[in-house]
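J.: The following comprises the amino acid sequence and a computationally predicted model.
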Amino acid sequence: MNIAVLLSGGIGLRMGLGIPKQYIRVWGKMLITYSLETLLAHPMIDAVQIVAEPQWQGTILADVRENDLEREKICGFSSPGEGRQASVLNALKDIRLLGFPLDAASTQDGVCGVCRRNILRTRDAAFPGNAVLIHDAVRPNLAKEQITGCFDALRGHDGVMPVLPMKDTVYQSDGGECISKLLDREKIFAGQAPEVFDFDKYYTANMHLASEKLLRIKGSAEPAVMAGMDIAMIPGDENNYKITTKVDLERFRKQKEGDMQKATGNSR
């Protein structure tokens, strides 16, 4: 069984727009809804767990209904933690309460019927294992092909991460003022989301981290690498950029405007 965790707990102070950036609307949808739509529609994903502050959970579900998305695949919400990876761990713990991985029984009240049926349906399926996908709500250009590529590449590995090659010359500075050495950019890659992991191994890797180490982690794959998990790399997607600044947001607005013009035949 494959379950996705969508991280939407950030407060977005750097954008300075008064609300977390993942809830900004672009052409009728919040940013989170774009990636959520792709996750819910993908046939290889059985369920989705969302990490979001309580005051935004109703807004997310309202946008799901307004855009006629597959609500039944949403298992529930998890509370954000103190830092990104603490939020991931909160979601992993909540997912286990749903009866995931498949050798656990689901008895929690309020679990949606379709999610429970998906869990039960896959208990006896010829599936190689249980996988969890981690994605950011502020990466709205998630492509279904990227999801498929991650799950396909998982066979024979403990995890998969899309990466992009470094285009510029890369240097290391030990003190932040002078160059210490030149790095071989052929060996340096920029990681992207979504990342996919064997659920049991990834859960264990996170549980073994002390709380202070968990707070220092910036990327979902770090606990897996620290635990010695075998993480495969696949080609990333330049269009799957993270929206962190107003420039990024404007870039996305223009992309969506172009998409709308093409869809209506009004492109110039």
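T.: Looks like it arrived, so ask away.
J.: Tell me what residue 30 is bridged to.
T.: Note on residue 30: beta-bridge partners residue 25, judged by DSSP bridges.
J.: gap between it and residue 36?
T.: When distance is defined by Cβ to Cβ, to the nearest Å, residue 30 is 9 Å away from residue 36. Bear in mind the C-beta positions are built from the backbone N, C-alpha and C, glycine included.
J.: neighbour-wise, which of these two wins?
T.: residue 36 (30 against 26; other Cβ atoms under 10 Å).
J.: Tell me how far the more buried one lies from residue 263.
T.: Taken as Cβ to Cβ, the span from residue 36 to residue 263 is 20 Å.
J.: same check, this time on residue 75
T.: With Cβ to Cβ as the criterion, residue 75 and residue 263 are 32 Å apart.
J.: Between the two, which is the more surrounded one?
T.: Higher neighbour count among residue 75 and residue 263: residue 75, with 30 against 9, using other Cβ under 10 Å.
J.: Parallel or antiparallel, list what pairs with the helix or strand where the more buried one lies.
T.: Here residue 75 sits within strand 74-78, counting by DSSP states H and E. Paired with strand 74-78 in the same sheet, following DSSP bridges, are strand 47-51 (parallel).
J.: which residue packs closest to residue 143, ignoring adjacent ones?
T.: residue 237 (5.9 Å; Cβ to Cβ, 6 or more residues apart in numbering).
J.: Show the contacting residues for the one you found.
T.: Going by Cβ atoms under 8 Å, 6 or more residues apart in numbering, residue 237 touches 141, 143, 146, 162, 192.
J.: Next, format those as TSV and append distance to residue 228.
T.: Below are the contacts of residue 237 laid out as TSV (distance: Cβ to Cβ, whole Å):
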residue	distance to residue 228
141	32
143	30
146	26
162	21
192	22
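J.: Out of the residues you listed, flag the one nearest to residue 67.
T.: Using Cβ to Cβ, residue 141 is the member of the contacts of residue 237 that lies nearest residue 67, at 16.5 Å.
J.: Need the pLDDT of that closest one.
T.: pLDDT, residue 141: 97.
J.: where's it, which helix or strand?
T.: In this assignment (DSSP H and E), residue 141 forms part of neither any helix nor any strand.
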